[in-house]
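Colleague: what shape does this take:
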Amino acid sequence: MTAASRPPVNNRAQPNGSDMENAHRAVTAIAAAFATKVVGQEDLRETLLIGLLTGGHILLEGVPGLAKTTAARVMADAVSARFNRIQCTPDLLPSDILGTQIYDSDSNSFVVQLGPVHANIVLLDEINRSSAKTQSAMLEAMEERQTTIAGESHPIPQPFLVIATQNPVDQEGTYPLSEAQTDRFMLKEVLRYPTPSEEAEVIFRLDAGLFDRSEPERPVLSLETMKILQRLTKNVHLDPVLVHYISEVVHATRNPSQYLPQHLARLIEYGASPRATIAFSRATRAAALLAGRNHVLPDDIRDLAHRVLRHRLILGFEAVSAGVSTDDIVDAVMQSVRVP
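Modeller: Residues are numbered from 1 along each chain as shown. Sure, this is the predicted structure:
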């Protein structure tokens, strides 16, 4: 192996047994707080926990009433995070999110008033109802973790997580997210309807008053502990063999004719960007930590494939007419790449 091809040495110390025990207790406490307010939605819980552990932004898609807003607020309350909810509408302006300058008559000068994006966890409700100009205003905040107002940069509090929701049913008066905006979300979770037993449990909890917000929720972790968990997540071991496996999976989406049957390969117009590879490496480390492991397994990659890739693949119109979804393509890609 040449020096150029040899993988770089990872000098990070893997989390030891004590670290993993402490991390397991912490994430279990967050999961328990989530379960008291949100019935079912196990995949949503895991996705939001991965977002918290990595600082990767999350896109949620589902019909109204599936507890998307409640889930985001519960996660924020559990880790003592400052939470802001922004209801996106067509007349929402970039300054409504980022902030603006206002005139202060006392000082006879303009002062900066920071917008609601300056929080630890920001919920962009129905993001596809805001205009393209407003959507693009979030790019700097999501990527650079700062905003620029009147030429002056303002850092966003850390940790920082954006959770955006969109309704796939009502498309009137909406503005589809651009590929550049969508690609900045690490994971996309598609929410399903609850089962009959879960829906009945919601009613029982409503009757018992468990969803009342008369008193603030008690946090189970501090923000400082959350930052420690994020550092532990970065140190979870990802073997170079698995890095190559991830790279080949993403490569297969860009060169489908080499991996997929022709009738499926021709449906893909554009494959995933390098952000997908980065998202895999970050999200799988978090998934391993949630499972109590200090190393990533191939199953972690396969379990997260839909959430990493479904919003990054662009299919042609022929896919719609054939009834083929991005999840179907992801399944085919994962089956075509050999698991190490």
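Colleague: pull the CA atoms of stretch 68-86 into PDB?
Modeller: Provided in PDB are the C-alpha atoms of stretch 68-86 (Å, rounded to 0.1, in the frame of the first residue of the first chain):
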ATOM      1  CA  LYS A  68     -43.500  16.300  14.700                       C
ATOM      2  CA  THR A  69     -43.600  19.600  16.700                       C
ATOM      3  CA  THR A  70     -44.200  17.800  20.000                       C
ATOM      4  CA  ALA A  71     -41.200  15.500  19.400                       C
ATOM      5  CA  ALA A  72     -38.900  18.400  18.600                       C
ATOM      6  CA  ARG A  73     -40.000  20.300  21.700                       C
ATOM      7  CA  VAL A  74     -39.600  17.300  24.000                       C
ATOM      8  CA  MET A  75     -36.000  16.700  22.800                       C
ATOM      9  CA  ALA A  76     -35.200  20.400  23.500                       C
ATOM     10  CA  ASP A  77     -36.700  20.200  27.000                       C
ATOM     11  CA  ALA A  78     -34.800  17.000  27.800                       C
ATOM     12  CA  VAL A  79     -31.400  18.600  27.200                       C
ATOM     13  CA  SER A  80     -32.100  22.100  28.600                       C
ATOM     14  CA  ALA A  81     -31.800  23.500  25.100                       C
ATOM     15  CA  ARG A  82     -33.200  26.800  24.000                       C
ATOM     16  CA  PHE A  83     -36.000  26.000  21.600                       C
ATOM     17  CA  ASN A  84     -37.600  28.200  19.000                       C
ATOM     18  CA  ARG A  85     -40.400  27.300  16.600                       C
ATOM     19  CA  ILE A  86     -40.800  29.200  13.300                       C
END
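Colleague: A252 sits in which helix or strand?
Modeller: A252 is part of helix 240-254 when elements are defined by DSSP states H and E.
Colleague: just so I have it, where are all the helices in the stretch 151-300 of the chain?
Modeller: Using DSSP state H, counting those that start in this stretch, the helices of the stretch 151-300 of the chain run over 179-182, 196-208, 223-234, 240-254, 262-265, 274-290, 298-309.
Colleague: list the buried residues in the third one.
Modeller: This means helix 223-234. Judged by neighbour count using 16 or more other CB atoms under 10 Å, the buried positions of helix 223-234 are 223, 225-226, 228-230, 232-233. For every residue, glycine as well, the C-beta is placed using N, CA and C.
Colleague: rewinding a little: what comes into contact with the helix holding A252?
Modeller: 7, 258-260, 268, 270-272, 274, 276-277, 280-281, 284, 296, 298, 301, 305, 309, 312-313, 329, 333-334, 336-337, 339-340 (CB atoms under 8 Å, 6 or more residues apart in numbering).
Colleague: what angle separates that helix from helix 298-309?
Modeller: Put simply, helix 240-254 runs at 30 degrees to helix 298-309, going by axes from the mean of the first three to the mean of the last three CA atoms, to 10 degrees.
Colleague: among the contacts of helix 240-254, the buried ones, what's the PyMOL command?
Modeller: Here is the PyMOL command that picks out the buried ones among the contacts of helix 240-254, judged by 16+ other CB under 10 Å:
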select buried, resi 259+260+268+271+272+276+277+280+281+284+296+301+305+309+312+313+329+333+334+336+337
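Colleague: need the contact list for L290.
Modeller: Per CB under 8 Å, 6+ apart, neighbours of L290: 27, 46, 49-50, 53.
Colleague: what stretches of the chain score poorly on pLDDT?
Modeller: For the chain, applying pLDDT under 70 flags the ranges 1-14, 16-17, 170-173, 213-216.
Colleague: which residue lies nearest the spatial centre of it?
Modeller: Of all residues in the chain, the one closest to the mean position by CA atoms, centre = their mean is I58, 2.1 Å from it.
Colleague: partner residues bridging it?
Modeller: For I58, the beta-bridge partners are I163, L187 (DSSP bridges).
Colleague: correct me if wrong: it contacts V162.
Modeller: Yes: using CB atoms under 8 Å, I58 is in contact with V162, at 7.4 Å.
Colleague: identify the contacts common to those two.
Modeller: Listed as contacting both I58 and V162 by CB under 8 Å, 6+ apart are F185.
Colleague: any idea which helix or strand carries V117?
Modeller: Counting by DSSP H and E, V117 is part of no helix or strand.
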